[in-house]
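A.B. asks: Show me how the following folds:
(one chain, ligands or ions: 1)
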Amino acid sequence: MVEIGILDLQGDVKEHQNMVITTLNKVGVTGNTHRIKTIDDMKNCDGLIISGGESSTIGKLLLNTDLYDMIKNFKKPILGTCAGMVLLSKSTGEEQPLLGLINMNIERNGFGRQKMSFEADINIYDKIYHGIFIRAPYAKNIDENVEILSKYNDKIIAVKQNNCIATAFHPELVDDILIHEIFIKEVIKCVE
Ligand code: GLN
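C.D. replies: Okay, here's the model as predicted:
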């Protein structure tokens with residue numbers, strides 16, 4: 001039985017919730033999703049998803065709700081997608097609250113603004129995967145303990161450090177459960 005929290009301050013929470021339920025069913029694990037708005041909501045969480053949205057806004061809301069410290073000290077698996085990837089980083093070169101849980105810097109909107117959003121087939125875990133990039137960031141200046149999971153046009157778009165996974169693209173917007181499955185497997189490893 002696993003409890004997956006989805007940070008619900010801003011962004012595409014419902015899509016992640018649906019994807020987690022689909023993934024749990026497919027891998028045959030019982031579990032639940034919880035929307036996380038306060039520190040109380042996080043008490044029984046075995047893993048956390050930080051969705052896309054606007055990282056500067058989500059960061060400020062994290063500080064306002066005291067969730068910032070709770071997540072920084074969570075130590076359990078976290079999946080950060082797009083703005084979630086930005087929040088997991090150490091620096092964006094701008095003034096904004098970041099969790100610094102993955103040793104990387106981020107180029108926000110690294111592929112251009114909204115109208116430069118795109119879809120592309122990428123390689124990840126030896127598979128072809130359809131990535132949806134919406135004002136997507138990319139990672140740079142990563143430490144050697146950060147594993148690169150995927151690059152697109154020489155830019156780092158997916159990484160893993162210990163049990164934290166970050167993707168520049170939106171895995172909640174495709175039919176492929178690959179990324180959520182990898183995350184759920186990390187969660188299962190942790191609760192066993
Ligand atoms: N560019 C946004 C940011 O830096 C992220 C966009 C997204 O999550 N789709 O917060």
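A.B. asks: C-alpha from now on. contacts and neighbour counts both.
C.D. replies: OK.
A.B. asks: so who does Ala158 touch?
C.D. replies: Applying Cα atoms under 8 Å, 6 or more residues apart in numbering to Ala158 gives the contacts Ala139, Ile148, Leu149, Ser150, Lys151, Ile165, Ala166, Thr167, Ala168.
A.B. asks: need the contact list for the residue positioned nearest the centre of the chain.
C.D. replies: Geometric centre of the chain, nearest residue: Gly80, 1.2 Å, by Cα atoms, centre = their mean. Contacts of Gly80 were listed using Cα under 8 Å, 6+ apart, and they are Ile49, Ile50, Ser51, Gly52, Val86, Leu87, Leu88, Cys164, Ile165, Ala166, Thr167.
A.B. asks: give me that answer again for 6 Å
C.D. replies: Taking Cα atoms under 6 Å, 6 or more residues apart in numbering, we find Gly80 in contact with Ile49, Ile50, Ala166.
A.B. asks: can I get these in TSV with secondary structure, neighbour count and pLDDT?
C.D. replies: Output for the contacts of Gly80, formatted as TSV (DSSP: H, G, I helix; E, B strand; the rest coil; neighbours: other Cα atoms under 10 Å; pLDDT from 0 to 100):
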residue	secondary structure	neighbour count	pLDDT
Ile49	strand	27	98
Ile50	strand	30	98
Ala166	strand	30	98
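A.B. asks: before we move on, back to that, what's the first helix or strand after the helix or strand that the residue nearest to the centre of the chain is a member of?
C.D. replies: For Gly80, the host element (DSSP states H and E) is strand 78-81. Following strand 78-81 in sequence order, the next helix or strand is helix 83-88 (DSSP H and E).
A.B. asks: Now the element after that following helix, going C-ward?
C.D. replies: With DSSP H and E, the next secondary element past helix 83-88 is strand 105-107.
A.B. asks: For the residue nearest to Thr167 when sequence neighbours are not counted, give me phi and psi.
C.D. replies: Of all residues not flanking Thr167 in the chain, Ala158 sits nearest, at 4.3 Å (Cα to Cα, 6 or more residues apart in numbering). With angles defined as degrees, to the nearest 10, Ala158 sits at phi -150, psi 130.
A.B. asks: Give me the distance between Ala158 and Thr81.
C.D. replies: Per Cα to Cα, to the nearest Å, Ala158 is found 9 Å from Thr81.
A.B. asks: didn't Gly52 look like it was pressed against Gly11?
C.D. replies: Yes. When contacts are counted by Cα atoms under 6 Å, Gly52 is listed as touching Gly11 (5.4 Å).
A.B. asks: who has more neighbours, the two?
C.D. replies: Ranked by neighbour count (other Cα atoms under 10 Å), Gly52 and Gly11 place Gly52 first, with 28 against 18.
A.B. asks: now that one, what's its secondary structure?
C.D. replies: Under DSSP: H, G, I helix; E, B strand; the rest coil, Gly52 falls in the coil class.
A.B. asks: State the distance from it to Gly84.
C.D. replies: Per Cα to Cα, Gly52 is found 6 Å from Gly84.
A.B. asks: Spell out the residue ranges of the strands in this structure.
C.D. replies: In the chain, the strands defined using DSSP state E lie at 2-7, 31-36, 47-50, 78-81, 105-107, 118-124, 127-133, 138-140, 147-152, 155-161, 164-167.
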